[in-house]
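Participant: quick one: sequence plus predicted model below, questions after.
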Amino acid sequence: MTPLEQNLSYCSERRPSGCCRSSKNGSPGDCESGYIDCDSALSAAAVTELICGIEPPDEIWRTRSRARLDALTKPLGSLGRLEDLAAQLVAIRREHLVLPLDAAVYVFAADHGIAAEGVSAYPQAVTHQMVLNFLAGGAAVNVLARLHDVTLHVVDVGVNADFNNIEGLLHYKVSNGTKNMLRDAAMTDDELSRALLVGAQLANEAADAGRTLLAVGEMGIGNTTSASAITCAITGAAESLATGRGTGLDDAAHTRKIAIVEAIVKKHFANCRSPHPLEIMRCVGGLEIAAMAGMILAAARNRIAIVADGFISTAAAALAVSLEPKVGGYLIVGHRSEEPGHRLLLDYLKLTPLLNLDMRLGEGSGAVLAMSVIQSAIGLYSQMATFTSAGISEASL
């Protein structure tokens with residue numbers, strides 16, 4: 001029986017309440033470390049199905065790739081992390097890769113009820129407006145995707161607006177955004193389950209289309225507040241360390257945002273030593289974060305490498321790894337965000353980003369930029385001559 005199946009059995013037979021359910025006096029209910037709330041049974045069943053069949057990257061293929069890398073016309077290890085990237089991709093795909101990698105980025109868009117608390121410098125309407133900008137080709141991720149030959153998909157999983165079946169948008173709206181997590185759980189278990197399955201379905205379709213590399217990005221006013229609360233719940237870090245300025249808050253607004261994150265974490269997890277990742281998503285997550293987590297899980301099951309972008313997408317990755325640790329071997333972090341919580345998540349995942357360019361945009365922009373580095377790694381791996389083929393003497397010492 002898997003850990004999630006054990007949780008489902010425990011929930012259905014014994015447990016009356018959980019981390020995010022408040023008692024009659026308004027305080028959070030007690031919980032046992034690692035167990036899910038009974039309200040999360042649907043999403044737990046969905047994730048149990050998603051993680052079935054996930055295996056770690058193949059170490060035999062990693063060894064084979066290392067042997068080829070060591071035979072190329074260069075000093076051993078002289079290409080640094082490019083060699084690690086190539087070996088990781090070969091171990092994931094279980095084949096010797098050549099260019100071009102078939103790459104795509106999915107930008108998941110959703111609104112957040114917490115935006116009503118003034119946690120962003122921009123109004124909630126910007127989520128809708130930016131989706132239209134993506135569809136018109138005018139955002140940073142559009143430019144980078146065109147430059148690096150990455151197919152861009154924009155997904156409405158929870159924008160608080162009607163797109164009227166506009167062409168070019170993937171219409172998977174679960175609801176018109178989350179609830180205000182300062183007052184209530186962000187979403188119902190049904191909404192969480194549906195959002196997870198949106199991401200999983202798109203990953204499965206990408207696998208059927210022959211994609212070998214996927215990136216996840218997002219758009220959602222207020223989602224750095226959600227990511228900060230997720231970071232605190234997963235890592236146990238203080239809210240002041242996990243909460244940044246988001247879209248550019250001034251000092252006073254930043255201080256207020258920290259206080260709001262403190263209140264959110266206290267409301268939902270005060271008496272929970274180690275909340276289950278599904279409870280974290282249901283109580284303080286976003287629909288786009290859940291969809292990204294679902295895509296990451298299904299991509300790993302399909303042996304597709306996933307490039308996370310910055311803070312919010314790495315929060316989704318951390319949740320996915322918490323649900324199934326084997327997923328960690330499929331992750332590449334595109335860049336280091338300027339959001340302070342991102343470093344906490346990177347430490348939790350024990351991952352080092354490829355780029356550090358002081359970016360904090362989101363959209364998948366850093367992930368797409370990093371894809372050019374990954375393509376370069378595979379180009380070197382597949383196209384460089386070996387000492388034998390080039391007739392060059394190897395090192396004698």
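Facilitator: Yep, that arrived.
Participant: isn't Gly341 right up against Arg245?
Facilitator: No - checked against Cβ atoms under 8 Å, the pair Gly341 and Arg245 is beyond contact range at 11.2 Å. From N, CA and C alone the C-beta is placed, and that goes for glycine too.
Participant: which of these two has more neighbours?
Facilitator: A count of neighbours by other Cβ atoms under 10 Å puts Gly341 above the other of Gly341 and Arg245, at 27 against 17.
Participant: pLDDT on the strand or helix carrying the more buried one, on average?
Facilitator: Under the criterion of DSSP states H and E, Gly341 resides in helix 340-349. The pLDDT scores in helix 340-349 average 97.
Participant: now stretch 117-131
Facilitator: On average, stretch 117-131 scores 96.
Participant: which elements pack onto the helix holding Gly341?
Facilitator: Packing contacts for helix 340-349, counted by 3 or more Cβ pairs under 8 Å, 6 or more residues apart in numbering; DSSP states H and E, involve helix 223-235, helix 239-242, helix 311-323, strand 331-333.
Participant: Leu278 is nearest to which of those?
Facilitator: helix 311-323 (7.4 Å; Cβ to Cβ).
Participant: tilt between that closest one and helix 340-349?
Facilitator: 30 degrees (axes from the mean of the first three to the mean of the last three Cα atoms, to 10 degrees).
Participant: so helix 311-323 versus helix 223-235, what angle?
Facilitator: 30 degrees.
Participant: tell me which residues in helix 311-323 are buried?
Facilitator: 311-323 (16 or more other Cβ atoms under 10 Å).
Participant: Ile51: which of those residues is nearest?
Facilitator: Relative to Ile51, and with distances defined as Cβ to Cβ, the nearest of these is Leu323, at 6.5 Å.
Participant: so the closest one sits against Glu279, correct?
Facilitator: No - counting by Cβ under 8 Å, Leu323 stays clear of Glu279, with 11.5 Å between them.
Participant: now do the helices in the stretch 251-397 of the chain.
Facilitator: 251-269, 277-284, 287-301, 311-323, 340-349, 365-383, 387-390 (DSSP state H, counting those that start in this stretch).
Participant: just checking, what packs against the second one?
Facilitator: This means helix 277-284. Packing partners of helix 277-284 (3+ Cβ pairs under 8 Å, 6+ apart): helix 41-51, helix 189-208, helix 223-235, helix 251-269, helix 287-301, helix 311-323.
Participant: now do the fourth one
Facilitator: If you count contacts as 3+ Cβ pairs under 8 Å, 6+ apart, helix 311-323 packs onto strand 213-219, helix 223-235, helix 277-284, helix 287-301, strand 305-308, strand 331-333, helix 340-349.
Participant: by how many degrees do the third one and helix 189-208 diverge?
Facilitator: If I follow you right, that is helix 277-284. Computed by the same axes, to 10 degrees, the angle between helix 277-284 and helix 189-208 is 120 degrees.
Participant: and helix 277-284, how far out from the chain's middle?
Facilitator: Computed by Cα atoms, centre = their mean, to the nearest Å, the chain-centroid distance of helix 277-284 equals 14 Å.
Participant: of the buried residues of helix 311-323, just say which sits nearest to Leu132.
Facilitator: Using Cβ to Cβ, those come closest to Leu132 at Ile312, 20.2 Å.
Participant: quick one: contacts for Thr212?
Facilitator: 89, 93, 97, 101-103, 304-305 (Cβ atoms under 8 Å, 6 or more residues apart in numbering).
Participant: done for today, thanks.
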